[in-house]
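In: Quick one, what's the 3D model for this:
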Amino acid sequence: MKAISLSTTSLTTTAMALVLGLGWALPATAQLPDPVRVGIDVDAGSLDPRLARDTTAYRVVDLIYDGLVRLNASLEPQPGLAVSWENPEPTEWIFTLREGVTFQDGSAFTAEDVVFTYETALNPDFGAPFRALISPIETIEAVDDHTVRMTLSAPYSPLLSYLDIGIVPSDLVESGHDIAIEPVGTGPLTLEEWDRGSRLLLAPNEDYWGEVPAASMEIVVIGDNTSRAQAFEAGDLHLIQSPLSPRDILRLAEDDSYENAIESGLGVTYLNINTSVPLLSDPRMRQAIAMLVDQDTIVNQIYEGVDTVANGVLLPSSWAYSEDIQQPGFDPEGAVALLNELGWTDSDGDGILDRDGETLTIEVATHSEDPNRIQSVEYIQAVMQSVGIDAQISISDWPSYSGRVQNSGHQIGLQGWLNIVDPDRMLFGQLTTDGPLNWGGYSNPEVDALLREGRQALSQEERTEAYRAAAEILSEELPYYIISYQGYQVFWDPALGDIDVNPRGFLRGVVMD
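Out: Modelled structure (predicted):
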């Protein structure tokens, strides 16, 4: 297909019922751009839904694949490839699958594809980043072509929230087809072109089991937040969403030329502190570091108030949240006193703290694509230096930075977690001793037990009690220091009509209304 120029601005008269998962509710006479051009900050990694690790991959995968369930804007599970489900026993789930569905290569979707998807993702050697989220699944079996039974090792309350994993075609994958670069799903859009680092073009799946989108979508990679906003204002993009620079958010929100939605998101910005590094292994050292993080300045000046100052690991949007759980606040004098207790003093009067002849050197890292994160680590560095810490910063591109953190090669990393649809998603894989996302090496048997309890308790009251108890410990031991609860912002061309905003930022059509 002929490549599409980023500057193309022609509109078609074809109405497309395309919803950004975000669901778009358009008047019957609405005209949409074709393609609809959406700006993003980074390219997708793997488009195999079992291996997707980044936000862009999640959003593109959601267009190409369907899961057993689908979460609506209120994060409630809705039918997807499963039309219904029952839970006859606390550890047994039975799913009735949608009939007449085909993959984008024309092959039939059956229960065997569901079994294959989950069995491979559960294999620890496969490396699925979300494996911890589905690890309570002990067995999964095809009862018949359109029925699947899952047996759990223990009751698991958040299960349905995690069953939106895209189902892959088992026969095609086993034959050697690489769905990481040539994805094949059952979803409403198919990947037509992928210019790495530049753009992805997705076309309607004419054989989709639901309503077929009537236009294509072009996802355009523009790494710099302000450049992306400028492309939107120039008419080269029809929609942009978080992450965006605060000044661009405030300016665009005041411009009546555009539609917008600004609300609480499902993410946090935080410091990942590597507890396996001897210098940072003592919770008191991590407390001292936390007291040198000026949340108010970072959130309300650097980020210009588009996020909210955080008090702990539980999001305010969660039923488990408690404002009574508080991390250490900004207290440089208290930090110095604590460092002195730990033996770090300015023994030779040079203004730098030392202990046993060793200078107190700490590195804070982040990635280069987000200028506000760069400013934040520079500010943290300045505060640390003001109390005598030899603070260094490291800035690298996202692939380099994330690879370093995921291999536990960092001391302190400033980054974010998104898509926190349940407290379990923020905590279990990241902060249990053997969690696959525990890049900071944190280990506390009591926290492990509480996070398992939070998974297995059948009542929300019991789950709340477990998560709050874990959050209390984490607010003292601080493997993570949560700087802010992220806001979610989306701006769009009025030609797209009204948007029912989903804070996950998924890009779907009204086919999944």
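In: Just the terminal-to-terminal distance for stretch 64-79.
Out: From its first residue to its last, stretch 64-79 covers 17 Å (Cα to Cα, to the nearest Å).
In: Please apply the same query to stretch 305-325.
Out: Distances were taken as Cα to Cα; on that basis the terminal residues of stretch 305-325 are 22 Å apart.
In: And stretch 296-314, by the same measure?
Out: One end of stretch 296-314 sits 19 Å from the other (Cα to Cα).
In: Could you give the average pLDDT over it?
Out: The average of the pLDDT scores along stretch 296-314 is 95.
In: mind listing the helices in the stretch 401-513 of the chain by residue range?
Out: Counting by DSSP state H, counting those that start in this stretch, the segments of the stretch 401-513 of the chain that form helices are 423-431, 445-456, 460-477.
In: could I get the ones you listed as TSV with distance to Gln230, mean neighbour count and mean pLDDT?
Out: In this view, the C-beta of every residue, glycine as well, is placed from N, C-alpha and C. Conversion of the helices of the stretch 401-513 of the chain to TSV gives the following (distance: least, Cβ to Cβ, whole Å; neighbours: other Cβ atoms under 10 Å; pLDDT from 0 to 100):
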stretch	distance to Gln230	mean neighbour count	mean pLDDT
helix 423-431	33	23	94
helix 445-456	43	19	96
helix 460-477	40	19	97
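In: Make CSV from those and add distance to Gln411 to it.
Out: As requested, the helices of the stretch 401-513 of the chain are exported to CSV (distance: least, Cβ to Cβ, whole Å):
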stretch, distance to Gln411
helix 423-431, 17
helix 445-456, 22
helix 460-477, 17
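In: between these, which gets nearest to Ile167?
Out: The stretch from the helices of the stretch 401-513 of the chain with the least distance to Ile167 (Cβ to Cβ) is helix 423-431; that distance is 19.9 Å.
In: Look through the chain and tell me its longest strand.
Out: Ordering each strand of the chain by length in residues (DSSP state E) puts strand 259-273 first.
In: Residues contacting the next helix or strand along the chain from it, please?
Out: Moving toward the C-terminus from strand 259-273, the first helix or strand encountered (DSSP states H and E) is helix 283-290. For helix 283-290, contacts defined as Cβ atoms under 8 Å, 6 or more residues apart in numbering pick out 271, 273, 275, 279-280, 327-328, 335, 338-339, 341-342, 362, 384, 412, 476-479, 481.
In: Helix 283-290 vs helix 460-477, what angle?
Out: With axes from the mean of the first three to the mean of the last three Cα atoms, to 10 degrees applied, the angle from helix 283-290 to helix 460-477 works out at 90 degrees.
In: Tell me which residues of helix 283-290 come out buried.
Out: Counting neighbours by 16 or more other Cβ atoms under 10 Å, one finds that the buried residues in helix 283-290 are Pro283, Met285, Arg286, Gln287, Ala288, Ile289, Ala290.
In: quick one, helices of the stretch 1-150 of the chain?
Out: Under the criterion DSSP H, counting those that start in this stretch, the stretch 1-150 of the chain contains helices at 55-64, 111-122, 131-134.
In: who touches the shortest one?
Out: If you take Cβ under 8 Å, 6+ apart as the criterion, helix 131-134 is touched by 118, 121-122, 124, 158-159, 162, 165, 424-425, 428-429, 432, 435-437.
In: Tell me the one of these nearest Leu244?
Out: Proximity of these to Leu244 was ranked by Cβ to Cβ; the top entry is Arg425 with 23.6 Å.
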